[in-house]
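Engineer: Build me a model:
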Amino acid sequence: MAVHPDDKTLLLEFANPATRESAYTRIVRKYQERIYWHIRRMVVHHEDTNDVMQNVFIKMWKHLDGFREDSQLFTWIYRIATNESLSYLEKNKKRNSQSASLDNEHSNLSNTIRAEKHFDASKLEWKLQLAIQQLPEKQRVVFSLRYYEEMPYEAMSKILETSEGALKASYHHAVKKVEEYILNH
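Structural biologist: This next block holds a predicted model:
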């Protein structure tokens, strides 16, 4: 596993025109896998994930020189990834709204999971994925950040720009819905 320099060092290198591109590349390498899986859990399709991820890194390049370091670099990148994912889902929903209902959207996401070559409906991990796809977008994001990333509510609050109390409630409701889905399917 590659050792990445700390964010402070990378940001200083990014500020220097001579090392800007290499610093950017190192930032991308440092966070790309975590960003990929964060986006993938929301948009499901690998190809869509790559498209959203590309938009995230383009925005990051354009705005990194304006990063004020009010939060951690990781938090800032996650906020961009979350917003881009939600924007993508919203555009997709609008595009499909004339021909599909919300139930169809959940069905399409579930069908995508079932189409994975290693899918086995009897395994709990697959049931969990299907259950997560039944959640409303905001709950899906909160559940993924808390369950998979083990992210503290304080950090989530900065990423999602929502109070910690609202995030705790959203996570609680998401967990109940996931449990109910798994027990009934």
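
Engineer: drop to CA atoms for contacts and neighbour counts, all remaining ones
Structural biologist: Will do.

Engineer: what ranges do the helices span in the chain?
Structural biologist: Using DSSP state H, the helices of the chain run over 7-15, 20-43, 46-63, 73-97, 102-115, 124-133, 137-147, 153-160, 164-184.

Engineer: Please render these as JSON lines that adds mean pLDDT and mean neighbour count to the earlier fields.
Structural biologist: Compiled in JSON lines, those are given as follows (pLDDT from 0 to 100; neighbours: other CA atoms under 10 Å):
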{"stretch": "helix 7-15", "mean pLDDT": "93", "mean neighbour count": "16"}
{"stretch": "helix 20-43", "mean pLDDT": "93", "mean neighbour count": "18"}
{"stretch": "helix 46-63", "mean pLDDT": "94", "mean neighbour count": "16"}
{"stretch": "helix 73-97", "mean pLDDT": "86", "mean neighbour count": "17"}
{"stretch": "helix 102-115", "mean pLDDT": "51", "mean neighbour count": "15"}
{"stretch": "helix 124-133", "mean pLDDT": "78", "mean neighbour count": "19"}
{"stretch": "helix 137-147", "mean pLDDT": "90", "mean neighbour count": "20"}
{"stretch": "helix 153-160", "mean pLDDT": "90", "mean neighbour count": "18"}
{"stretch": "helix 164-184", "mean pLDDT": "93", "mean neighbour count": "16"}
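
Engineer: how does the protein divide into domains?
Structural biologist: Using automatic domain parsing, the domain ranges for the chain come out as 1-99, 100-185.

Engineer: and the longest one, how far out from the chain's middle?
Structural biologist: Which is domain 1-99. Going by CA atoms, centre = their mean, to the nearest Å, the spacing between the C-alpha centre of domain 1-99 and its chain's C-alpha centre is 10 Å.
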